[in-house]
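Student: Test case, fold it:
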Amino acid sequence: AATVGIAIAWGNTALAVGSGVLLLVNLLSINLAALLVLWYMGYRPEKWFRMEQTRKTFVKRVGVLLISILILSAFLGTVTFSSYQTATSEQSIQNDIQSILDEPVYSEFVLLEVQFEYSENLLAQRPSKVTILIGAPRGEAPPELGDRLNTRIDEIAGRNVAVQVRYLTVQEPG
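Tutor: Below you'll find the predicted structure:
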């Protein structure tokens, strides 16, 4: 519940919805467990004529809770898989940027930071913009470096992504 509140305060819709669904699954699971335990322990009407009505109500409630939990869990599974794909994509992009900078032509450049911005899609978080901060001894780099990075990021993402390459002048120790 706290995560839902924090996500709302930050304006992070995906986090708020995901956390809210997880909270709802937990509440429904607790209700289902309590219902089953109480039924198992024998907490039922004592009068025989009400027993059939109670059994029908019990089965309906268990069914509704199970279906609700399954539907919400499927949603959570989808969100989790999407988060995994996002993290994998980010890691792949960072690794490729580093591998390009590890080439002898670019050996004097250092990858300082990679920032990702995402489109506002609840389930499919795809990067819409990637900002790369590179340390350069003279604050500049060959123009083809930005083009190579842009092309490679577009290939990894499978679509056109806005790529911004920034150079920061760094001094070598010594």
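
Student: Going by C-alpha atoms from here, please, whenever you check contacts or count neighbours.
Tutor: Will do.

Student: For Leu149, which residues are in contact?
Tutor: Contacts for Leu149 (Cα atoms under 8 Å, 6 or more residues apart in numbering) come out as Ile97, Ile100, Val163.

Student: so how many other residues sit close to the first one?
Tutor: I take that to be Ile97. Per other Cα atoms under 10 Å, the neighbour tally for Ile97 reads 19.

Student: secondary structure class for it?
Tutor: Under the three-state scheme (DSSP: H, G, I helix; E, B strand; the rest coil), Ile97 adopts helix.

Student: Tell me how far Leu22 lies from Gly77.
Tutor: 10 Å (Cα to Cα, to the nearest Å).

Student: any low-confidence regions in this structure?
Tutor: 45, 48-49, 120-125, 139-140, 172-174 (pLDDT under 70).

Student: that older thread, so which of Leu22 and Gly77 has more stuff around it?
Tutor: Neighbours were counted for Leu22 and for Gly77 using other Cα under 10 Å; Leu22 has more, 19 against 12.

Student: Tell me how far the more buried one lies from Tyr106.
Tutor: 46 Å.

Student: before we move on, what about Arg61?
Tutor: 65 Å.

Student: for Lys47, same thing?
Tutor: 84 Å.

Student: Helix or strand for Val130, just tell me which one.
Tutor: strand 127-136 (DSSP states H and E).

Student: Could you pull out the helices in this protein for me?
Tutor: 2-10, 13-40, 51-101, 143-157 (DSSP state H).

Student: Could you list which residues are in contact with Gly158?
Tutor: Contacts of Gly158 by Cα under 8 Å, 6+ apart: none found.

Student: swap in Pro137?
Tutor: So Pro137 contacts Glu108, Phe109, Thr169, Val170, Gln171, Glu172 (Cα under 8 Å, 6+ apart).

Student: Please repeat the previous calculation with a cut-off of 10 Å.
Tutor: Neighbouring residues of Pro137 by Cα atoms under 10 Å, 6 or more residues apart in numbering: Glu108, Phe109, Val110, Tyr167, Leu168, Thr169, Val170, Gln171, Glu172.
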